[in-house]
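[1] please find the sequence and the predicted model below.
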Amino acid sequence: MTSKFPQGPSCPSVLSIAGSDSGGGAGLQADLKSFMAMGVHGLTAVAALTAQNTRAVTAVWLPPAEFIREQIRCVLDDFDVRAIKIGMLADVERIDAVAEALHDVDIPIVLDPVMIASSGASLLANEAVARLRTVLLPRSTLLTPNLPEAEVLVGFPIRSPQDFDRAAHALCEWGATGVLLKGGHADGEGVVLDRLYVGDGVHVFQQPRLALSPHGTGCSLSSAIAANLAKGLELVQAVQIAIDFVHGALVGAYRPGRGQLSVLDHAIAFKAGYS
């Protein structure tokens, strides 16, 4: 059987700088599954360790900032890294460490501002929000907040289409090249609308709303977009393929734990050939 990955140093790699999910459904674990499904080599820099399952996050441990910087330096020194996904960073010190490590990096960066776990636990210190906005948001090729995260960043509720436009405009003014406002938390009659703001245009992606409580959707989406950018796709196409991929994984979602959260089935999407 022939490998789907190119042999030798030409194989594109994508780095995820994020937190680990001991339950296997979100964070770095979901990122690596998405990278494989998209046909790129996955790399990780562990920015947080969580003790969590489908019911709760019970503990969080943060590696030293210097160790996070060394992980990033180490992989950038060896691999053909063509895109970076940033997820959970937890506090100001870790945000600054990542910003310093990526100071001279000039490749696409997808920033998923992870603030709240699917179980409801807070994953980002309040004082870190402003720092994320000032030192990492301007470096991002694409920002991918869900509505609660976007509301924290902009400081006002997002309900109407006009609110979406206003929020995206504010986030782009702060430096993001593009903003994908995800609509999973919005009210919708049977559909989910995700809005991609880039340049002067708005691209709306529609998917059927599924009757489940998913875990790891945002992580999987942002990492799939980063993988597609690493393969040289334009942003709109990268987002469209990633949204279709995540929807396929949601259709096959399952509940491995005793909680109500469902975990995406990345293998179904992998077999569907999204890479």
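    Received it, and whenever you're ready, just let me know what you need.

[2] which residues of the stretch 51-200 of the chain fall in strands?
    Secondary structure of the stretch 51-200 of the chain (DSSP state E, counting those that start in this stretch): strands at 57-61, 81-86, 109-111, 142-143, 178-181, 191-198.

[3] dump the ones you listed to CSV, plus mean neighbour count.
    (C-beta placed from N, C-alpha, C; glycine too.) Output for the strands of the stretch 51-200 of the chain, formatted as CSV (neighbours: other Cβ atoms under 10 Å):
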stretch, mean neighbour count
strand 57-61, 14
strand 81-86, 26
strand 109-111, 27
strand 142-143, 28
strand 178-181, 26
strand 191-198, 20
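
[4] can you add mean pLDDT and give those back as CSV?
    CSV is the format used below for the strands of the stretch 51-200 of the chain (pLDDT from 0 to 100):
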stretch, mean pLDDT
strand 57-61, 91
strand 81-86, 98
strand 109-111, 98
strand 142-143, 97
strand 178-181, 96
strand 191-198, 93
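
[5] what's A90 sitting at in phi/psi?
    Note on A90: its backbone torsions stand at phi 80, psi -50 [degrees, to the nearest 10].

[6] how about the contacts made by the closest residue to it other than its chain neighbours?
    Nearest non-adjacent residue to A90, counting by Cβ to Cβ, 6 or more residues apart in numbering: A48, 5.1 Å away. Going by Cβ atoms under 8 Å, 6 or more residues apart in numbering, A48 touches A18, G19, S20, V60, W61, L62, P63, M88, L89, A90, R94, L123.

[7] sorry, back to before: looking at the strands of the stretch 51-200 of the chain, spot the one closest to I158.
    strand 178-181 (7.5 Å; Cβ to Cβ).

[8] hmm, who's touching that closest one?
    For strand 178-181, the external contacting residues (Cβ under 8 Å, 6+ apart) are 141-145, 147, 150, 158, 164, 167-168, 171-172, 194-198, 225, 235, 239.

[9] what about 6 Å?
    Residues from elsewhere that reach strand 178-181 (Cβ atoms under 6 Å, 6 or more residues apart in numbering): 142-144, 150, 164, 168, 171-172, 195-198, 235.

[10] do stretch 206-222 as well
    Contacts of stretch 206-222 (Cβ under 6 Å, 6+ apart): 25-27, 30-31, 34, 85, 110, 112, 118, 144, 146, 188, 190-193, 242, 246-247, 250, 253, 260-264.

[11] now the residues you listed: which count as buried?
    25-27, 30-31, 34, 85, 110, 112, 118, 144, 146, 192-193, 242, 246-247, 250, 253, 261-264 (16 or more other Cβ atoms under 10 Å).

[12] can you list the strands that the helix or strand hosting A18 pairs with?
    Per DSSP states H and E, A18 falls inside strand 13-21. When pairs are called by DSSP bridges, strand 13-21 turns out to pair with strand 41-52 (parallel), strand 81-86 (parallel).

[13] need the per-residue pLDDT for G183.
    pLDDT recorded at G183 is 83.

[14] quick one: contacts for the nearest residue to it once chain neighbours are set aside?
    Using Cβ to Cβ, 6+ apart and skipping residues adjacent in sequence, the residue nearest G183 is L193, 4.4 Å away. Taking Cβ under 6 Å, 6+ apart, we find L193 in contact with G183, V204, Q206.

[15] test my guess that M88 contacts V114.
    Yes: M88 is in contact with V114 according to Cβ atoms under 6 Å; the separation is 4.1 Å.

[16] how many neighbouring residues does F156 have?
    Neighbour count of F156, defined by other Cβ atoms under 10 Å: 11.

[17] for it, what are its contacts?
    Counting by Cβ under 6 Å, 6+ apart, F156 has no contacts.

[18] how near is it to L62?
    30 Å (Cβ to Cβ, to the nearest Å).

[19] and G24, by the same measure?
    For G24, the distance to L62 - Cβ to Cβ - is 20 Å.

[20] again, but for P108
    P108 is 26 Å from L62, by Cβ to Cβ.
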